[in-house]
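Q: 3D model of this:
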Amino acid sequence: MRTGMGFPPYGDTIGSIVVQHVNGYLVDVVSGAIYPACVNLFEGKVVRIERKVSAPDRYILPGLIDSRAVVESSHLSPLRFAEQAVVHGTTAVIADPTPAAAAMGADGLRYMQEAALTAPLRFHYAVPSDVPSVGWKEARQMLTDSYVCLGEVTDPRRVLEEDPAIIRKLEVATQLGKRVDGNAPGLSGFELDQYMMAGISSDYGCTTVREAEERRRKGMMIGVREGSAERHLGDLAEFVKGNPFLLASGHLRARDLMEGHVDALLRRAVAQGLDPVQAVRAATLWPAEHYGLPGGSLYVGSAGDLTVVKDLKDFAVLETWIDGQLVAKNGEPLFASRPAPPVRPAFSERLLSGVRVSGAGTTARVKVLEANGPTRWSHQDLRVVDGSIVADPGRDIAYLVWADPWEDWTLRAGFARGFGLGDGAIASSEVYGIGGIVGVGGSLGAVIEAVNGVAARGGGAAAVLGGRNAWLDLPVGGLMSDLPAAEVARQETELLALAREMGSPLEDPFLVLARLGRDVPKAFQVERPVLVEGV
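A: Below you'll find the predicted structure:
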C-alpha cells in the first residue's frame with residue numbers, strides 16, 4: 001500500500017553535511033522501471049538512490065527539459081519566464097534567441113545570457129542561424145563558448161543551393177561536434193538527403209507521420225512542437241508512440257505558460273495514447289542525450305535536477321529541484337532575484353501622422369502576403385483612387401506597413417490578407433527576423449496610429465478600433481516585459497479581445513504577424529511600384 005505517512009521531509013544533517021532526500025516512485029527512464037525510492041542529493045548531485053518497500057503516492061522524474069523554447073514569444077524576460085516554468089516542473093530549456101538577435105543584435109544576445117543568470121532555470125541557447133548579424137565567425141565563437149547547437153535552419157533552399165552564408169555556419173557547427181537543428185516541412189527524397197548531408201540532425205517542422213517516418217528512418221531526431229502556435233502532437237500521435245522524439249513548446253505566450261509548460265505537453269501526449277514513460281523520455285532522456293546536456297536521467301553522480309508529480313496522467317507538479325535545491329513547490333517559485341538591466345529599443349521619434357500608398361491609373365496589381373494557408377503570396381488587383389492604391393477589407397486585403405529600423409525607420413507599405421481586421425488595425429514590435437514595427441489593418445490611418453503608438457510607448461503591441469485601443473508594453477528590446485506573468489497575460493488577453501471584435505479569425509494575429517517577419521520585406525516587390533509618401 002502506498003502511503004505518505006512516516007516519510008521525513010527533505011534533509012538529514014550529518015555533522016556539518018546536509019543531505020537532501022526526495023521520496024516517491026522513481027521513474028527510471030533508462031530501464032522503464034517504476035519503483036519506490038529515496039533520491040539523496042548533496043552539493044548539486046545525486047549521491048544515492050535507495051530502493052524502498054513503499055513510498056509516498058507521487059512520482060519522481062528527471063528534471064523536465066523543453067527542447068525548443070522561444071522565450072521572447074512569452075513576452076516575459078528570462079527571469080519572469082523562469083518563475084513560471086519552474087512551477088510547472090521545467091528544469092532546463094533550449095532557447096532560440098533569434099528574436100532578440102534580430103531586434104537588438106549582439107546587445108540582445110548578451111542580455112539573454114546575462115538575464116538567464118538571474119534565475120535557477122537552466123537556459124541552454126541555440127545560435128541563431130538565420131540572423132545576418134550572426135556570421136560564421138560569430139557562430140564559431142558562440143558554439144565554442146556555451147551555446148549548445150546551431151538553431152533551426154528554416155530555409156532549405158539556401159542549403160540545397162549551397163549559400164555560403166549558411167553553409168559556413170553548418171560546417172563550423174559540424175567541426176565543433178555540435179548539433180544542427182532543421183525545419184523543413186515538405187522536403188523529401190534526395191533533397192532531404194542533401195539537407196541532412198549538410199550536417200542537419202533534427203527536424204522541428206514535421207506535420208505528418210509520413211514526413212516524420214522518412215526523417216527518422218534516415219537518422220534524424222524529430223522535434224514535436226505543442227505551444228501557442230504549432231500544435232503537432234495530434235498529427236504525429238502514431239509516430240511518437242513507437243519512436244524517440246523531442247517535446248518542445250516553441251512559441252508559448254504568457255497566458256498559456258501560466259496554465260502549463262512541459263507538464264502540459266506530457267498531459268497532452270498521454271491523452272493521445274502515448275505510454276507515460278515514453279512521454280517522459282521525450283522531455284528528459286532524449287533531449288539530454290541529443291544535445292549533450294546535464295540531466296535527462298537520475299543516477300549516482302547525475303545532476304540533482306528532478307521533478308515530482310502527483311501522477312503519470314495529469315502530471316500535476318508538486319516540487320521542482322534544480323542543482324539539488326528545491327526551487328518550486330505547490331505552484332509557487334521559491335527563489336527571488338532581480339531582473340537584469342534591460343536593453344531598451346531605439347525606436348524612431350520621427351512619428352508620421354499621415355501617409356498614402358501611391359499608384360498610377362485606375363487599378364494596380366500588387367503582391368499580397370497571405371497570413372494563412374500553404375501559399376505565402378498571391379497577386380491581386382486593387383483600385384487606385386486619386387493616386388492612392390486602396391486596400392479592400394471586403395476581400396480581407398489590408399494595408400501592411402513596416403517601419404524599417406535598418407533604413408532610418410523608413411515606412412514601407414504593401415498588402416496582406418487573412419487578418420480579417422475590417423477598419424481596425426494592429427501593430428507590434430515583435431517581428432522575428434527583421435525587427436522594427438509592423439502594422440496591418442483595413443484603414444491606413446488606423447495602421448499608422450497603431451505603429452506610432454507602439455513606437456511612442458517604447459515597444460510592444462497595439463490594437464486600434466474606432467477610437468478605442470489596447471496595449472501590451474514590451475520595453476525590453478520591444479519584445480519582453482519585466483512585469484509578472486499575470487499582468488502580461490492580462491494585457492495579452494485585452495489585445496486579443498479587441499482584435500476579435502474587429503473580426504479577426506486568427507487565434508493570435510499578433511503571433512502570426514511576428515512569424516511573418518522575414519517575408520514582410522518581400523511584400524513590397526510589386527509589378528508597379530508602391531511607395532509610402534509623407535503627406
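Q: Tell me if I'm right that Val30 and Ser297 touch.
A: Yes: at 5.4 Å, Val30 counts as touching Ser297 under the criterion of CB atoms under 8 Å. The C-beta positions use only the backbone N, C-alpha and C, and glycine is treated the same way.
Q: ranges for the helices of the stretch 151-300 of the chain?
A: 156-160, 164-175, 189-197, 209-217, 237-240, 254-257, 262-271, 276-281, 285-291 (DSSP state H, counting those that start in this stretch).
Q: So which of the ones you listed is nearest Trp136?
A: Closest to Trp136 of those is helix 164-175 (CB to CB; 3.6 Å).
Q: List the buried residues of whichever strand in the chain runs longest.
A: In the chain, assigned by DSSP state E, the strand with the most residues is strand 17-27. Within strand 17-27, the residues that count as buried by 16 or more other CB atoms under 10 Å are Val19, Gln20, His21, Val22, Asn23, Gly24, Tyr25, Leu26, Val27.
Q: on that earlier part again, what's the most buried one of the helices of the stretch 151-300 of the chain?
A: helix 254-257 (a mean of 24; mean count of other CB atoms under 10 Å).
Q: what packs against that one?
A: helix 78-87, helix 485-502 (3 or more CB pairs under 8 Å, 6 or more residues apart in numbering; DSSP states H and E).
Q: and stretch 76-86, C-alpha only, in PDB?
A: Written as PDB, here are the backbone C-alpha positions of stretch 76-86 (Å, rounded to 0.1, in the frame of the first residue of the first chain):
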ATOM      1  CA  LEU A  76       8.400  37.700 -20.500                       C
ATOM      2  CA  SER A  77      12.000  38.400 -19.600                       C
ATOM      3  CA  PRO A  78      14.100  35.300 -18.900                       C
ATOM      4  CA  LEU A  79      13.600  35.800 -15.100                       C
ATOM      5  CA  ARG A  80       9.800  36.100 -15.400                       C
ATOM      6  CA  PHE A  81       9.800  33.100 -17.800                       C
ATOM      7  CA  ALA A  82      11.800  31.100 -15.300                       C
ATOM      8  CA  GLU A  83       9.400  31.900 -12.500                       C
ATOM      9  CA  GLN A  84       6.500  30.300 -14.400                       C
ATOM     10  CA  ALA A  85       8.500  27.400 -16.000                       C
ATOM     11  CA  VAL A  86       9.800  26.000 -12.700                       C
END
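Q: on that earlier part again, and of the helices of the stretch 151-300 of the chain, who's closest to Ser428?
A: Evaluated over the helices of the stretch 151-300 of the chain, closeness to Ser428 peaks at helix 254-257, with 14.6 Å, by CB to CB.
Q: How about residues contacting the closest one?
A: Residues external to helix 254-257 that are found in contact with it (CB atoms under 8 Å, 6 or more residues apart in numbering): 74-76, 81, 84-85, 88, 227-228, 485, 488-489, 492-493.
Q: Whichever of those end up buried, select them in PyMOL.
A: Selection of the buried residues among the contacts of helix 254-257 in PyMOL, burial being defined by 16+ other CB under 10 Å:
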select buried, resi 74+75+76+81+84+85+88+227+228+485+488+489+492
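Q: hey, which of the helices and strands packed on helix 254-257 is tucked in deepest?
A: helix 78-87 (a mean of 27).
Q: got the contact list for that helix?
A: Outside helix 78-87, the residues that touch it by CB under 8 Å, 6+ apart are 66, 71, 74, 76, 93, 112, 115-116, 118-121, 123, 254, 257-258, 261-262, 317, 320, 322, 327-328, 331-333, 335, 337-340, 480-485, 488.
Q: Which one's more surrounded, Val30 and Ser297?
A: Each of Val30 and Ser297 had its neighbours counted (other CB atoms under 10 Å), and the higher figure belongs to Ser297 (19 against 12).
Q: Tell me which residues touch the closest residue to Ala269 other than its chain neighbours, please.
A: Distances taken as CB to CB, 6 or more residues apart in numbering place Ala279 nearest to Ala269, at 4.0 Å, with adjacent residues excluded. Contacts for Ala279 were tallied using CB under 8 Å, 6+ apart; they are Leu247, Leu266, Ala269, Val270.
Q: one step back: dump the helices and strands packed on helix 254-257 into JSON lines; add distance to Asp396 and mean pLDDT as well.
A: Output for these, formatted as JSON lines (distance: least, CB to CB, whole Å; pLDDT from 0 to 100):
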{"stretch": "helix 78-87", "distance to Asp396": "34", "mean pLDDT": "96"}
{"stretch": "helix 485-502", "distance to Asp396": "12", "mean pLDDT": "95"}
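Q: Take those and write them to TSV, including distance to Asp163.
A: Shown next, in TSV, are these (distance: least, CB to CB, whole Å):
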stretch	distance to Asp163
helix 78-87	32
helix 485-502	37
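Q: Now do the domain split for the chain, please.
A: 64-299, 355-534 (automatic domain parsing).
Q: rank those by pLDDT, which is bottom?
A: Among those, domain 355-534 carries the lowest mean pLDDT, at a mean of 85.
Q: correct me, but Gly458 touches Val476?
A: No: in this structure, Gly458 is not within contact of Val476 by CB under 8 Å, at 9.6 Å.
Q: Mutual contacts of these two, please.
A: Arg344.
Q: Of the two, give the one with the bigger neighbour count.
A: Val476 (30 against 16).
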